[in-house]
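Participant: just the structure for this:
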Amino acid sequence: MKLKDRLKFFLTLRGTPRTTVPALVATLVLVTGCCSLFPSLCKPIIIQQPQSQVALLGTPATFTVVAQHPPPNTNAPLTYQWTFNGVNIAGATSDSYTIPAVALTDLGVYRVVVSGSPSTISDAAYLSVATVTGNGGSVQTLVAAFINTNTPSSSCPHSFDRFYPYYFFNGPNVPESLRTPAFANSTGMTRLQVDTCNSQNNAPNVTAVRIVQNNIQAKVLACDDNGSTTCTVFPSPSSHSNADANSSITGWFNLPTETDTRGLVRVIIYFKSSSIPTGQTSLTFNWTYHN
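Facilitator: Residues are numbered from 1 along each chain as shown. Alright, predicted model coming up:
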């Protein structure tokens, strides 16, 4: 924009109500591409944010971002820099970043800085790591990945303020193409056991587990928020089932048997932030399939 055009624009603004000035400025930028005048309005637009995920130990994990410049320069080049726990990742300078074989040390926060003139930073994407042992395993997730909530005191889980809803377990008849890799039920086992007992957390009422059917209106299948200091790994298979929403799942839970995505169940982990020890940065829970 030439100097005389800049002066003409600002003289126009002098007689304009303050409330309409930002809209006029934004319109000018979009129409003329004058990012040198108003760089804060010309940050790259992130259309698709990187997504949090659970990755199986030793398998690849990929984070992807979709971004562009604002109009009219939507096709102008962008540069990318991925970060892990706030530190730049060497060589991670494209619109995607892949960890070839996930290790426990990869547990953390991933973001990408998208640069045009100026730059913008993506939302946080959290990588959780699952480890499989026999017909079960464990999952480790950052405490920071948990989302604020406010569960009522009248229903399970009672009065918890953080949750993480992204663990999908396979029912016995789920087709192979629909199985979630970290929690694959390839042998068709019919029961699931979940607990949050580990060396970091073994006190009652710190964590809770809720199982819901994975459909649009999630149906609660089981819930346990009592916690335990004993944490029996293999209770009697007949000790508990999915009788109602208040049934304990320190025992076995009967999985759905539908042959589509309804055969998946979502396990939601809750915790009370006031009960997490100072300095604890992750939470681990264990799961087991059984016939």
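
Participant: host element of V54?
Facilitator: Using DSSP states H and E, V54 sits in strand 53-56.

Participant: ok, residues contacting that strand?
Facilitator: Identification of contacts with strand 53-56 by Cβ atoms under 8 Å, 6 or more residues apart in numbering yields 61, 63, 99, 102, 106, 125-132, 139, 141, 166-167, 180-183. No exception for glycine: its C-beta is placed from N, CA and C like everyone else's.

Participant: restricted to strands, list the residues you listed.
Facilitator: Secondary structure from DSSP state E places 61, 63, 99, 125-132, 139, 141, 166-167 of those in strands.

Participant: out of these, which comes closest to N286?
Facilitator: V139 (8.1 Å; Cβ to Cβ).

Participant: nearest residue to the closest one in space, please, no chain neighbours.
Facilitator: Leaving aside its chain neighbours, V139 sits nearest to A130 (4.6 Å; criterion: Cβ to Cβ, 6 or more residues apart in numbering).

Participant: just the strands in the stretch 101-250 of the chain please.
Facilitator: Along the stretch 101-250 of the chain, counting by DSSP state E, counting those that start in this stretch, strands occupy 108-115, 119-121, 125-133, 136-142, 147-148, 162-170, 191-195, 207-213, 220-224.

Participant: so the residue nearest to V139 bridges to which residues?
Facilitator: L56, V139 (DSSP bridges).

Participant: from what I can see it touches G137, true?
Facilitator: Yes: counting by Cβ atoms under 8 Å, G137 is a contact partner of A130 at 5.8 Å.

Participant: between the two, which one's more packed in?
Facilitator: Between A130 and G137, counted using other Cβ atoms under 10 Å, A130 has the larger neighbour count: 21 against 18.

Participant: which of the contacts of strand 53-56 are buried? Put it as a PyMOL command.
Facilitator: The buried subset of the contacts of strand 53-56, as determined by 16 or more other Cβ atoms under 10 Å, is captured in PyMOL by this line:
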select buried, resi 61+63+99+102+125+126+127+128+129+130+131+132+139+141+166+167+180+182+183
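
Participant: common neighbours of A130 and G137, please.
Facilitator: A182, F183.

Participant: model confidence score at the nearest residue to N88 once chain neighbours are set aside, please.
Facilitator: Nearest non-adjacent residue to N88, counting by Cβ to Cβ, 6+ apart: Q81, 5.7 Å away. Q81 carries a pLDDT value of 98.

Participant: roughly how far does the residue nearest to V139 sit from F271?
Facilitator: Per Cβ to Cβ, to the nearest Å, A130 is found 18 Å from F271.

Participant: what about the residue nearest to N88, helix or strand, and which?
Facilitator: Under the assignment here (DSSP H and E), Q81 is part of strand 79-84.

Participant: ok, and what's touching the helix or strand following that strand?
Facilitator: Per DSSP H and E, the first helix or strand lying C-terminal to strand 79-84 is strand 87-88. Contact partners of strand 87-88, identified using Cβ under 8 Å, 6+ apart, comprise Q81, W82.

Participant: swap in 7 Å and give it another go.
Facilitator: Identification of contacts with strand 87-88 by Cβ atoms under 7 Å, 6 or more residues apart in numbering yields Q81.

Participant: picking up where we left off before, which of the strands of the stretch 101-250 of the chain has the lowest mean pLDDT?
Facilitator: strand 220-224 (a mean of 77).

Participant: note down every partner strand of it and its orientation.
Facilitator: strand 207-213 (antiparallel).
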